[in-house]
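Peer 1: from the sequence below, what's the structure:
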Amino acid sequence: MKSKIFTLMFAALLPAAGAMAADYYVSVNGNGSKDGSSWDNALPFATFYANVNSYIDGDTFYFAGGTYYATNKTPTAIINGYTFIGGFDPALTGTEHTTPTYPSSTPTVFSGDVNKNGEQDAEDASRFLALKTNTKKGGDTQKPFVIQGIEFTNCYDATSTPTHGALQLNNCYDVTIKNCRFYNNNTKKSGYGGMAFTAYRSTSFVQDCEFTNNSAVQRGGAVYVWVDGIDYSKGYTVFERCLFSGNKVSDETKPLGSAIFYSHGPALWLVNCTITGNDAPSGGAVYVNGADKSWRRETYVIGSTIAGNTGGNQIHMSQGARLFMANSYIVGNEDDGTTAKAAIAITGSAESTEFSIVSKGYNIIGGYANQVENATNVPSWDTTDSQASTNLYSTVFGTNTLTDGVIAPIVKTAGFEGSALKTAVADAGWDATTARVDVTVDQKGTTRGENATAGAYAMNLTTGINAMTTVDKADNSYYTISGMKVAKPAAKGLYIHNGKVVIVK
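Peer 2: Model prediction:
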């Protein structure tokens with residue numbers, strides 16, 4: 001009888017059909033009347049979690065700081081479009097919900113440690129949030145979903161199912177994930193990876209997030225994205241101003257993507273991201289299949305640093321690779337001229353006409369290798385690029401290591417100024433508008449100046465004349481004041497031309 005009475009009481013708190021979207025306040029144990037109308041009457045997490053599909057599209061949930069434990073191993077998939085915002089001070093009262101500054105001093109932590117024993121075992125949740133909004137591009141109801149300011153940790157899959165991941169998407173058209181952290185999510189069974197973030201047939205925009213110390217046996221130490229043949233437009237995935245570090249895949253036979261595995265879909269964007277210190281026996285830090293007649297699998301690397309990942313390539317693609325780069329560092333720890341250790345490697349025994357590797361310039365790239373000897377398909381490097389197997393982590397970053405989410409380069413060469421990079425991307429036909437990215441800033445959100453380095457960290461360079469490189473007067477090329485050769489001045493400023501300092505207005 002008590003169970004029936006509780007059910008009726010809870011039903012009375014739910015919005016009526018056709019009601020307008022509402023705000024709810026959630027805490028670990030709830031407060032007051034526990035109807036979610038304010039922090040003083042916060043909804044208990046267990047009640048929310050058990051009835052997550054009883055709300056309506058557009059509802060917003062504010063989560064007080066604290067650790068929220070999964071209550072079962074495979075939580076119910078969420079079919080509606082909500083907004084989840086975490087990191088609020090548990091001491092708040094009323095309905096105050098000004099978005100916190102992240103990382104929050106009172107983080108909202110979603111933990112998969114069901115039995116709360118502090119260890120990862122078969123009793124823990126293989127996923128914490130599972131979204132299945134069943135939407136499609138152009139449909140009547142897009143059900144956008146936003147997740148902001150939440151930390152996902154301690155999810156564990158003892159069986160390696162395809163529906164795992166601390167955050168798991170299934171057939172979702174528009175999911176935005178902001179200011180979140182994913183760490184210590186693992187699986188030790190073979191097969192599927194992506195224990196931090198798995199996206200199947202979904203479109204996602206991931207901004208200002210961190211993926212650290214997650215692991216899998218195969219296919220994506222942190223992230224696993226794939227699509228089937230039902231809808232070839234799905235799988236569009238964007239990472240902007242994100243950090244990937246300390247992630248790992250361990251299998252010796254098929255270790256693909258120590259940080260990211262992108263199997264099928266139209267496009268993967270990596271913009272203003274740092275990907276470093278991830279580990280795999282082989283298979284690259286970022287693994288993407290090559291394009292074919294069904295899947296374009298285009299990869300865009302803009303203003304990013306992919307460097308110092310061990311046990312293989314920095315970017316690994318199969319034949320038919322479609323890779324587009326600008327203003328980035330892509331360098332490994334070592335390079336012996338082989339496909340196994342090249343910074344960018346293309347594997348597979350037969351060439352594909354879908355191949356397209358294009359640079360818009362100002363990249364510093366290590367070795368490039370194609371498994372097909374004397375391949376007719378070759379990259380289109382820009383005259384402002386530096387591409388050589390001698391470009392290694394040690395020569396580009398020296399002894400500098402990851403600090404505050406970025407790596408400071410020691411190579412004193414300037415990259416694109418922000419507006420010039422935006423223009424170059426647009427001129428190339430790369431659709432930054434659809435990707436919702438801002439290429440004019442770096443990973444920290446700092447506007448790229450006229451004399452800032454490329455990569456995820458736009459470090460300003462000294463502009464004094466004493467810092468300039470001497471060039472041969474017979475060389476008719478232009479050089480920046482930091483000594484980098486350019487085909488022609490891309491912006492106003494000082495340049496060296498025919499051995500003299502010139503001003504381009």
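
Peer 1: helix or strand right after the helix or strand of the chain with the lowest mean pLDDT?
Peer 2: Sorting the helices and strands of the chain by mean pLDDT, DSSP states H and E puts helix 2-13 at the bottom, at a mean of 42. Sequence order places strand 23-27 as the next helix or strand after helix 2-13, per DSSP states H and E.

Peer 1: model confidence over that following strand, on average?
Peer 2: The average of the pLDDT scores along strand 23-27 is 98.

Peer 1: buried set for it?
Peer 2: 24-27 (16 or more other CB atoms under 10 Å). The C-beta positions use only the backbone N, C-alpha and C, and glycine is treated the same way.

Peer 1: over to residue 120: give its phi and psi.
Peer 2: When read as degrees, to the nearest 10, the backbone of residue 120 gives phi -90, psi 120.

Peer 1: Provide a list of residues in contact with it.
Peer 2: 113, 154, 156, 186 (CB atoms under 8 Å, 6 or more residues apart in numbering).

Peer 1: residue contacts, the second one?
Peer 2: Contact analysis of residue 154 by CB under 8 Å, 6+ apart lists 111-113, 120, 124, 184-185.

Peer 1: what's the answer for the third one, then?
Peer 2: For residue 156, the set of contacting residues under the criterion of CB under 8 Å, 6+ apart consists of 112, 120-122, 124-126, 185-187, 195.

Peer 1: among those, name the buried ones.
Peer 2: Judged by 16+ other CB under 10 Å, buried ones among the contacts of residue 156: 112, 120, 124-126, 185-187, 195.

Peer 1: mind listing what's buried along stretch 85-99?
Peer 2: 85-88, 92.

Peer 1: can you dump the C-alpha atoms of it in CSV for me?
Peer 2: Coordinates of each C-alpha in stretch 85-99 appear next as CSV, following Å, rounded to 0.1, in the frame of the first residue of the first chain:
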residue,chain,number,x,y,z
ILE,A,85,23.5,21.9,-15.6
GLY,A,86,25.7,21.0,-12.7
GLY,A,87,28.2,22.5,-10.2
PHE,A,88,25.9,24.7,-8.1
ASP,A,89,26.7,25.5,-4.5
PRO,A,90,24.7,23.2,-2.2
ALA,A,91,24.2,26.2,0.1
LEU,A,92,22.1,28.1,-2.5
THR,A,93,18.5,28.8,-1.6
GLY,A,94,15.4,29.9,-3.6
THR,A,95,15.7,29.6,-7.3
GLU,A,96,19.1,31.2,-7.9
HIS,A,97,20.8,29.4,-10.8
THR,A,98,23.4,31.7,-12.3
THR,A,99,25.7,29.4,-14.3
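
Peer 1: Serialize the contacts of residue 120 to a markdown table and add fields for pLDDT.
Peer 2: Below are the contacts of residue 120 laid out as a markdown table (pLDDT from 0 to 100):
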| residue | pLDDT |
| --- | --- |
| 113 | 97 |
| 154 | 98 |
| 156 | 96 |
| 186 | 96 |
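
Peer 1: among these, which are located in strands?
Peer 2: Counting by DSSP state E, the part of those found in strands is 156, 186.

Peer 1: export the contacts of residue 120 to a markdown table and tack on distance to residue 243?
Peer 2: Conversion of those to a markdown table gives the following (distance: CB to CB, whole Å):
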| residue | distance to residue 243 |
| --- | --- |
| 113 | 24 |
| 154 | 19 |
| 156 | 22 |
| 186 | 18 |
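
Peer 1: and which of the contacts of residue 120 is nearest residue 409?
Peer 2: Distance ranking of these against residue 409, using CB to CB, places residue 186 first at 31.9 Å.

Peer 1: for the residue lying closest to that closest one once chain neighbours are set aside, list each beta-bridge partner.
Peer 2: Distance criterion CB to CB, 6 or more residues apart in numbering; nearest residue to residue 186, sequence neighbours excluded, is residue 215 at 4.6 Å. Here residue 215 sits in beta bridges with residue 186, residue 248, going by DSSP bridges.

Peer 1: need the contact list for residue 70.
Peer 2: 49, 110-114, 124-125, 128, 155.

Peer 1: before we move on, the earlier item: kindly present the buried residues of strand 23-27 as TSV, with separate columns for distance to residue 101.
Peer 2: Below are the buried residues of strand 23-27 laid out as TSV (distance: CB to CB, whole Å):
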residue	distance to residue 101
24	22
25	19
26	20
27	20
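
Peer 1: circling back to that earlier point, count of neighbours near the residue nearest to residue 186?
Peer 2: 21 (other CB atoms under 10 Å).

Peer 1: picking up where we left off before, closest to residue 355 among the contacts of residue 120?
Peer 2: Ranked by distance to residue 355 (CB to CB), the contacts of residue 120 are led by residue 186 at 35.6 Å.

Peer 1: helix, strand, or coil at the closest residue to residue 99 other than its chain neighbours?
Peer 2: Closest residue to residue 99 apart from its sequence neighbours, by CB to CB, 6+ apart: residue 85 at 6.6 Å. In three-state terms, and counting by DSSP: H, G, I helix; E, B strand; the rest coil, residue 85 is strand.

Peer 1: beta partners for residue 85?
Peer 2: Beta-bridge partners of residue 85, as defined by DSSP bridges: residue 62, residue 148.

Peer 1: where's it relative to residue 100, distance?
Peer 2: 8 Å (CB to CB, to the nearest Å).

Peer 1: residue 153 - how many residues pack around it?
Peer 2: By other CB under 10 Å, neighbour count at residue 153 equals 20.

Peer 1: that one and residue 339, how far apart?
Peer 2: 36 Å.

Peer 1: residue 109 against residue 151, yeah?
Peer 2: Yes - counting by CB atoms under 8 Å, residue 109 touches residue 151, with 4.6 Å between them.

Peer 1: who has more neighbours, those two?
Peer 2: More crowded of residue 109 and residue 151, by other CB under 10 Å: residue 151, with 22 against 19.

Peer 1: before we move on, back to that, and the contacts of residue 70, which two are the farthest apart?
Peer 2: 49 and 124 (15.4 Å).

Peer 1: separation between residue 357 and residue 423?
Peer 2: 21 Å.

Peer 1: more neighbours: these two, which one.
Peer 2: When residue 357 and residue 423 are compared for neighbours, residue 357 comes out ahead with 21 against 16, by other CB under 10 Å.

Peer 1: now that one, nearest residue through space, not along the chain?
Peer 2: Spatially, and ignoring its direct neighbours in sequence, residue 357 is nearest to residue 379 (3.8 Å; CB to CB, 6+ apart).

Peer 1: repeat that for residue 73.
Peer 2: Per CB to CB, 6+ apart, closest to residue 73 is residue 125, 5.2 Å.

Peer 1: where does the one you found fall, phi/psi-wise?
Peer 2: phi -80, psi 130.

Peer 1: try the one 5 residues further on
Peer 2: Reported as degrees, to the nearest 10, the phi and psi values for residue 130 are phi -120, psi 120.

Peer 1: now do the helices in the protein.
Peer 2: Assigned by DSSP state H, the chain shows helices spanning 2-13, 45-50, 393-396, 418-427, 432-435.

Peer 1: how many other residues sit next to the residue nearest to residue 357?
Peer 2: Other residues within reach of residue 379, judged by other CB under 10 Å, total 19.

Peer 1: return the distance of it relative to residue 87.
Peer 2: Taking CB to CB, one finds residue 379 at 43 Å from residue 87.

Peer 1: ditto for residue 33
Peer 2: According to CB to CB, residue 33 stands 24 Å off from residue 87.

Peer 1: kindly report the same for residue 432.
Peer 2: 29 Å.

Peer 1: residue 72 too?
Peer 2: With CB to CB as the criterion, residue 72 and residue 87 are 25 Å apart.

Peer 1: so who does the residue nearest the centre of the chain touch?
Peer 2: Among the residues of the chain, the one closest to the centroid is residue 239, at 3.2 Å (CA atoms, centre = their mean). Residue 239 sits next to 206, 209, 260, 268-271, 273 when contact means CB under 8 Å, 6+ apart.
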